Every structure is written in C-alpha cells, then in structure tokens.
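Trainee: Sequence and predicted structure below; questions after.
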Amino acid sequence: MKGGIIVQRCPWCGTDPLYIKYHDEEWGTPVHNDLKHFEFLVLESAQAGLSWITVLKKRENYRAVYDNFDPIKVAAYSEEKINKLLGNAGIIRNRRKIEASINNAKIFLNIQKEFGSFDNYIWKFVDYKPITNSWKNVSELPATSDLSDKISKDFKKRGFRFLGSTIIYSYLQATGLINDHIIICFRHNK
C-alpha cells in the first residue's frame, strides 16, 4: 500500500522493506552512470549461486570496502587488499569472485577508453532504448536471452570473469536495459 492506495508489484520482492524499496526505486530503471554500472556488475557477479536479497543486505558494506565502486581503485587492489576483503564478513568472501571483480574493473576501464564510457558500450546492444517485455506472470521471466548470450560472449572475449549469460540477464534487468516488470506491476509502464 502506498499513500492509502493498493499497489501491485512483481511478487518476487515479497514483503521485505529493503527488497520492496529496491523493486520500487531501482530495478528496471535505466542506468546511465558508469559507477552504477560497475556497482551492478560487481554485485551481480557476487550474487552468483546466492539470492539477490543476500547481496542487497551486504550492499552498503560493499560500497564501503569497494571504494564506492570506483573501478580505478578496484583495478589497483593488491593481494593485501584481497586478504582484507576475504576477512570482511560484511561481503561475500569468495576469493574467485573478489579476484574477478578486480579483473573486471580493469576490463571495464578498457571499455571506457574504447567507447568513451561503459554506458555507450552497453546501451549500443539495445540501440540505446530499453526493451520492455510484457510478461503476465513472474514465472514467464527467462533466466537468459539471445541478448544476454550475445553480451556474455562479448564480455568473455574481452576478458570479463564471473559474468555468464544468467548473471548478465539479471544485470540487464537491474540496470533497466530490459524492463521485466510484469504487466500488473505499477512499475511496468514507468
């Protein structure tokens, strides 16, 4: 309920206030900020094999220890920094995921140099306009698509790690390149 009006949402956000806030204010909203793109790439990669709510609950800790997701700083992380991160219970302590985030920061910076911004690079895959799907039920949402396959292959060719097609599809949903709010959701047409 919002202001006395019953609001229909995608059911995946349940009743958790953090999840509802994320659904209502972020998920599916087009992102055009490179730091925000990098943040979602790190978080989506960290989420692999876990639930998104687990990552959301650790997001503020990630911001603090990942230098507000500055890819320049993350690309320079040393073995000492990796060990500090592995000792921090406020994030997902998986060496391969942490090492992938550092590697991916370097690739991210290369893409910025090549395309002027990561935003220019990623939005070209959708001709610079979001894809709006018309799912009636959350069970219809796919885990991957031809688009996520294509981007994942390009990512892999460039050297990204821990960013397969399923993770890329989630990233595209989160950053609004794909609008997968179901049609009864109040966010579908926004």
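Mentor: Yep, that arrived.

Trainee: that's a helix at residue 155, yeah?
Mentor: Yes: judged by DSSP: H, G, I helix; E, B strand; the rest coil, residue 155 forms part of a helix.

Trainee: Need the pLDDT of the residue lying closest to it once chain neighbours are set aside.
Mentor: Counting by CB to CB, 6 or more residues apart in numbering, residue 163 is the residue found nearest to residue 155 once chain neighbours are left out, at 5.0 Å. From N, CA and C alone the C-beta is placed, and that goes for glycine too. As summarised for this prediction, residue 163 has a pLDDT of 95.

Trainee: okay but residue 163 is in contact with residue 43, surely?
Mentor: No: in this structure, residue 163 is not within contact of residue 43 by CB atoms under 8 Å, at 11.6 Å.

Trainee: the longest helix in the chain is where?
Mentor: For the chain, the helix that runs over the most residues, judged by DSSP state H, is helix 95-115.

Trainee: List the residues that contact the spatially most central residue of the chain.
Mentor: With distances taken as CA atoms, centre = their mean, the residue of the chain nearest its centroid is residue 40 (3.1 Å). For residue 40, the contact set (CB atoms under 8 Å, 6 or more residues apart in numbering) comprises 31, 171, 174-175.

Trainee: and the angle from the helix or strand where it lies to helix 95-115?
Mentor: Following DSSP states H and E, one finds residue 40 within helix 34-47. Relative orientation of helix 34-47 and helix 95-115, computed by axes from the mean of the first three to the mean of the last three CA atoms, to 10 degrees: 150 degrees.

Trainee: Count the residues that sit near residue 182.
Mentor: Number of residues near residue 182 (other CB atoms under 10 Å) recorded here: 21.

Trainee: List the contacts of it.
Mentor: Contacts here follow CB under 8 Å, 6+ apart; on that basis residue 182 touches 10, 135-138, 140-141, 188.
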